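Novice: the sequence and its predicted three-dimensional model are supplied below.
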Amino acid sequence: MGDTTFSCPIAPYSVGMTDTPSPSVALDDQLCFALYAASRAVTARYRPMLDELGVTYPQYLVLMLLWEEDGQTVGQLGARLALDSGTLSPLLKRLTAAGLVTRHRRADDERSVSVRLTEQGRALEAPACAISAEMIGALALDQQEFDALKDQLRTITHRVTEPAADARA
């Protein structure tokens, strides 16, 4: 019980890199836990502000995509958010029931459903900007740090979701 070293008895994983972290089973050594804890902390910080808007965090993400470009298909939204239709459909039904979006089959492709903001949904964009400002302030990062962190997180996402592409590169 006195030993606090939890290193794994295998060689470090390396892909042409030097000075890679050593494998470990210690929680504090895990990048996955640091990401998990940070994600939970950030979404918890969003929760009271989003409650005031009457939306959940996943609903907020859908609204952000529609504020960027209204009239996207369910497939487009799912692709951008990395959500399958089984997760996205009930979320869109709740947004529709709340009067924030409408859903319509596209005339040019009956298999495709277009999602559009209502006036009520569009009206949440300005308060959402205030939420964005609040979160940027809470992070206390300058522009360079903010952009670098987003780039690192996108790189992590890409590397763990596209391992075959990285192996070929």
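Specialist: Great, that's in hand.

Novice: contacts, neighbours, all on C-alpha from now
Specialist: OK.

Novice: what about the residue lying closest to Val115 once chain neighbours are set aside, how many residues close to it?
Specialist: Take Val115 and drop its neighbours on the chain: the residue closest to it by C-alpha to C-alpha, 6 or more residues apart in numbering is Arg103, 4.6 Å away. Look at Arg103: counted by other C-alpha atoms under 10 Å, it has 18 neighbours.

Novice: go on, Ala44?
Specialist: Neighbour number of Ala44 under other C-alpha under 10 Å is 12.

Novice: what count of nearby residues applies to Leu92?
Specialist: 21.

Novice: can you pull out the low-pLDDT segments for the chain?
Specialist: 1-18, 163-169 (pLDDT under 70).

Novice: swap in 90 and give it another go.
Specialist: 1-26, 28, 85, 105-113, 161-169 (pLDDT under 90).

Novice: quick check: longest strand of it.
Specialist: Secondary structure of the chain per DSSP state E: the longest strand is strand 109-117.

Novice: what comes up buried for that one?
Specialist: For strand 109-117, burial by neighbour count (16 or more other C-alpha atoms under 10 Å) applies to Val113, Ser114, Val115, Arg116, Leu117.

Novice: and if you look at stretch 52-64?
Specialist: Applying 16+ other C-alpha under 10 Å to stretch 52-64 flags Val55, Thr56, Gln59, Tyr60, Val62, Leu63 as buried.

Novice: tell me which helix or strand the fourth one sits in.
Specialist: When you say that, I think you mean Tyr60. helix 57-68 (DSSP states H and E).

Novice: list the helices and strands that helix packs on?
Specialist: helix 31-53, helix 74-81, helix 85-97, strand 109-117 (3 or more C-alpha pairs under 8 Å, 6 or more residues apart in numbering; DSSP states H and E).

Novice: identify the residues contacting it?
Specialist: Identification of contacts with helix 57-68 by C-alpha atoms under 8 Å, 6 or more residues apart in numbering yields 43, 46-47, 50, 72, 77, 81, 91-92, 95, 116-117, 121-122, 125.

Novice: and of the helices and strands packed on helix 57-68, who's closest to Thr155?
Specialist: Closest approach to Thr155 among the helices and strands packed on helix 57-68 (C-alpha to C-alpha): helix 31-53, 13.3 Å.
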